[in-house]
Each structure stands twice: as C-alpha cells, then as structure tokens.
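S.K.: no FASTA, just this:
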C-alpha cells in the first residue's frame, strides 16, 4: 500500500511537517545556505568568545567550497572551532580506508577544506576530529569535555539514516537514540545508493563497514540542519516530515528535536521531472 504522503505536492509537503522544512531553488542555493549557517555560527561564537563545536558531514559536500571562500574572504578565524566529522568508511579489517582512497572522507576534508583555508585561519589538526574505529569512545567523551555540540549538519540516506546510523526496525525509539559512536556494517540499500551517487555504480568495490558518530550525539546537538537534493530524496523528505517516528527510518526519531530544519530543492519538492 502506497503511503499518502509520498503523493504530497510541494505545497502540501510544506504545510504541516513534523520537521520544519524549507524549499529553495536549487543545489547551489541549498549549499550556500548551509555554508552561511556554518559561517554565522562561528562568527557569533567568536564574537562572544565561545568555542564552536560542529558535527560535519561528507555528504552533502557542496557547501564546503562556499564555506572556504567565506572564511578566507571574511577572515573568519577557526582557531576556536572543532569540526567533528560524522563518519568514515572502513576496510574489511574495520580500519580506516586510506586517505588517498577516492571515497575517503578524511582525504576529502583535507583536500577540499582544511588545505584550502588560509593557514592563519584554519583550526589546528587536533581540532579536526574523525571517529576512530579503534577508539570509538573518544567522540562522546570529547563532546562532553567541550560542553556539547552547537550545531550538526547532515543529509539523509535512502533508508532514513543520518550519518551512518542505519535503520534497525528491531529497536525501540529509546534504544536507537541511545546509540553512540560505533563501528557497524553498512546496509545493502546504503551501499547501493552511495555506489550510484558517489562511485559510478561500482557496487562490488564499495566498503562494507564504517565508523559513525552516533544518533545520540546528533540528537543532543543544540541545532540540527539537514539538506536534501538527490532524486530519491523526494520520498525521503516526505517520510521524514510526515512518517511515524520509528527506528526503521532513523531521521523520524529527530522529529521532536527543539531546533531542527530540513531544506530541500525545488527539484525534490516536485513529484516528477515533468
């Protein structure tokens, strides 16, 4: 049986979602907005003498070139900023894939973000955090030491995952939301979707494991900002906004967060390409 919300047009979709939603023109507009949100959060905290702690994705990634330009052009200091990157792929031995692997999130952030920011502005290397499969306890402990996460950015996977917090219908809402940083197997749905979107369809070479920041850390951020722009996000945003809260579609478990928004493109807002 088809769920009614999958047939919602853009106007109906925006009418009364359980997550506050915004529809912007195109990918560029969504990515620019995300970059501005990153920059404004840092500038506000710098002005008040506070550190900034962000959970950052490598997917979506389109915001980063705009963010780098803003930092460099506006001379925004990142010296008191901590980037906690959401996740990383692992090899079959459950170790980080190498930084020169085309799918490496660590490699991406180094090439596209950290090395492109003026040296006098970029944060020290010890403030560029990735979850470590050999020390999964580090991220939750660090977040506690830093006083919490100011803002978490991310996208939504085809099965509703945020970061690599894969769907698990066997778990209750409370059990799922209690999950912290950990190593896990990537679901077949996610491997297929990511192979198509990020790896030219090379499913056989897609990593089978990952290390991810937990849904617990994301859910406890002061703000959550999500962006969607792919063709299959049409269904994802409709279920995120109108579906029941269930571990079978993890983003729905964030519907009660005090400050969460989901921004998508006009393309996603439409029901078809016509």
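M.R.: That came through fine. Quantities reported herein were computed from a predicted structural model and do not represent experimental measurements.
S.K.: Report the buried residues of stretch 65-77.
M.R.: For stretch 65-77, a neighbour-count test (16 or more other Cβ atoms under 10 Å) marks 66, 67, 68, 70, 71, 76, 77 as buried. The C-beta positions use only the backbone N, C-alpha and C, and glycine is treated the same way.
S.K.: so who does the fourth one touch?
M.R.: With contacts taken as Cβ atoms under 8 Å, 6 or more residues apart in numbering, residue 70 has the following neighbours: 35, 36, 39, 76.
S.K.: What subset of these is buried?
M.R.: 35, 39, 76.
S.K.: can you redo these as a markdown table with pLDDT?
M.R.: Listed next are the buried ones among the contacts of residue 70 as a markdown table, based on pLDDT from 0 to 100:
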| residue | pLDDT |
| --- | --- |
| 35 | 98 |
| 39 | 98 |
| 76 | 98 |
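S.K.: give the contact list for residue 91.
M.R.: 97, 207, 209.
S.K.: 6 Å - rerun?
M.R.: Residues near residue 91 by Cβ atoms under 6 Å, 6 or more residues apart in numbering: residue 97.
S.K.: Point out where the chain drops to low pLDDT.
M.R.: Applying pLDDT under 70 to the chain picks out residues 1, 274.
S.K.: Ramachandran coordinates for the residue nearest the centre of it?
M.R.: Nearest to the geometric centre of the chain sits residue 154, at 1.9 Å (Cα atoms, centre = their mean). Residue 154 adopts backbone torsions of phi 180, psi 180, taken as degrees, to the nearest 10.
S.K.: So what touches the lengthiest helix in the chain?
M.R.: Identified as the longest helix of the chain according to DSSP state H is helix 27-47. Under the contact criterion Cβ under 6 Å, 6+ apart, helix 27-47 has outside partners 24, 52, 62-63, 66-67, 70, 76, 81, 151, 225, 227, 229, 263, 265.
S.K.: Same check on stretch 136-153?
M.R.: With contact meaning Cβ under 6 Å, 6+ apart, stretch 136-153 is reached by 41, 52-57, 131, 180-182, 213, 217-218, 221-225.
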